[in-house]
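Participant: Please work out how this folds:
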Amino acid sequence: MRAPWRPERRRPVSTWAWPAGIAAWAALWYASDSLRHRREQGQGYQLRGEQLDVHDDDFLHAAEALTGATISVGNDVELFVNGDRIFPVLLDTIREARRSVNLLTYVYWQGDIAHDVAGLLCERARDGIEVNVLLDWVGSLRMDQTLIEQMRDAGVCVARFRPPKPYAVRRLNNRTHRKLLIVDGQIGMTGGVGIAEEWTGDAQDPDHWRDTHVRVRGPVVRGLQGAFAENWLEATGDALVGDAWLPPLEPVDGGGAMQLVRSSSGVGDTNVEALYYLAIASARESLDLTAAYFAPRPAFLEALCDAAERGVRVRLLVPGAHIDKEFVRAAGRRSYERLLECGARIFEYQPTMLHAKTMVIDGVWSSVGSVNFDNRSFQLHDEATLGVRSERFARELTEQFERDLQVSEEIRPGRWQGRPLHQRATEAVLGLARREL
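Facilitator: Sure, this is the predicted structure:
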């Protein structure tokens, strides 16, 4: 017998209304979060007034005004390239401490160097030195947790920056990417190096990365201490004051003008965005940029092209096939066509992962720090970079840049035009996620 006919039961509206409502809420949240970073005039940047020259004090005055970072004179800076030279200096600097050590890092992973640093910090704390260690929660997830226990048992104050909280989900996307070491409030180090096996060695193979770090003395160290203290205050509630952290700082004989620019996620343009745009727009002869992650927003893409089109030699050094985030590389490659058209030259580093973050303008002004050339550094992370006006230091960075170019592959316009369609499609799709990269 045929079953009796029954009317079709329709699903209640609630079965699809809730998922649709959640999806709509998520889309609105993401859109509002994106728009809060947008300026009233979102098309790009422009200098209003005469073009600046990085050789002149007017440039420094503008950098100070736009970023709020004090320009100080009488500072000395030393350049160190790759772990074989960076880590011995970092460890020696910690050994020299007499009153305090402050260490902030985004990456703290695995390897002998992770144990060496933790062991030395424990030793210094047992010696009566006040030792503070601040680890970004996301960046230190791969860390051996027993090292944290060992440091705390030895008297080291260890804190995690922005661990997940149910009432602060949105903060998970905003990390501290700063890399800072400050000893006795008088000596500071910063750059791109994380504490992990990958940063040891001399960039000799894909397992040992290429990076740049600096050590500074002089009044600018107070800027590094301030960048640490800002994140430490949020993480612990402790305000670091007194001579152990903020001693009087005398100028170094023959030292130059520097500033430590720090920025945090917020509404509108950040300090490092303002600094980078000002430097690019002020270039008259040359611009050498090394970027570990290169996925420029349209405003910065046009700023680079404007420089190239007014006759500046623009050279960009970015990672090649050895990169830990291939999706960032693919998204950044979407900008190559426009950059090549306007006359910029692009080089991809071949031996290993390129993790350095430096820029040299006209052979006199330089920047070294934690800032990548992407939206994550410009808008989402807490960052710090050292601005230096010194022909000697700029020359050292340029000499290293030239050595890096010798083991890099230049992207040629004709060849780039012939890349396959699937590569173009990947670049286009990932370019849509540029805000998160």
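Participant: before we move on, which element is V318 in?
Facilitator: Element membership for V318, per DSSP states H and E: strand 313-319.
Participant: Please apply the same query to E383.
Facilitator: Following DSSP H and E, one finds E383 within strand 383-389.
Participant: what residues does that strand touch?
Facilitator: Strand 383-389 is contacted from outside by 54, 60, 63, 69, 75, 77, 177-180, 190, 214, 216, 220, 224, 227, 256-263, 270, 272, 275, 357, 364-371, 377, 394, using CB atoms under 8 Å, 6 or more residues apart in numbering. C-beta: built from backbone N, CA, C; applies to glycine.
Participant: Could I get the average pLDDT for it?
Facilitator: Mean pLDDT, strand 383-389: 98.
Participant: Pull the contacting residues for I361.
Facilitator: Going by CB under 8 Å, 6+ apart, I361 touches V54, A279, I280, S282, A283, S286, L287.
Participant: Quick check: A257 vs R170, distance?
Facilitator: According to CB to CB, to the nearest Å, A257 stands 38 Å off from R170.
Participant: neighbour count winner among these two?
Facilitator: A257 (18 against 10; other CB atoms under 10 Å).
Participant: Which other helices and strands does the helix or strand hosting that one contact?
Facilitator: In the assignment (DSSP H and E), A257 maps to strand 256-263. Counting contacts by 3 or more CB pairs under 8 Å, 6 or more residues apart in numbering; DSSP states H and E, strand 256-263 packs against helix 57-67, strand 72-81, helix 221-236, helix 271-282, strand 383-389.
Participant: and if we set it to 6 Å?
Facilitator: strand 72-81, helix 221-236, helix 271-282, strand 383-389 (3 or more CB pairs under 6 Å, 6 or more residues apart in numbering; DSSP states H and E).
Participant: Would you format these as a markdown table with mean neighbour count included?
Facilitator: Formatted as a markdown table, the helices and strands packed on strand 256-263 follow (neighbours: other CB atoms under 10 Å):
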| stretch | mean neighbour count |
| --- | --- |
| strand 72-81 | 20 |
| helix 221-236 | 21 |
| helix 271-282 | 22 |
| strand 383-389 | 27 |
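Participant: possible to save the ones you listed as CSV with distance to E341?
Facilitator: Converted to CSV, these look like this (distance: least, CB to CB, whole Å):
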stretch, distance to E341
strand 72-81, 33
helix 221-236, 38
helix 271-282, 18
strand 383-389, 29
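Participant: so which of these gets nearest H208?
Facilitator: strand 72-81 (12.4 Å; CB to CB).
Participant: Ranking helices and strands of this protein by mean pLDDT, which lands last?
Facilitator: Of all the helices and strands that make up the chain, helix 14-35 has the lowest average by mean pLDDT, DSSP states H and E, namely a mean of 54.
Participant: can you give me phi and psi for the nearest residue to G83 once chain neighbours are set aside?
Facilitator: Closest residue in space to G83, ignoring its immediate chain neighbours: T200 at 4.1 Å, by CB to CB, 6 or more residues apart in numbering. When quoted as degrees, to the nearest 10, the phi and psi of T200 stand at phi -80, psi 170.
Participant: Low-confidence regions, the stretch 151-300 of the chain specifically.
Facilitator: 267-268 (pLDDT under 70).
Participant: Was I right to think C342 contacts D306?
Facilitator: No: with contact defined as CB atoms under 6 Å, C342 does not reach D306; the gap is 8.1 Å.
Participant: who's more crowded, the two?
Facilitator: D306 (19 against 16).
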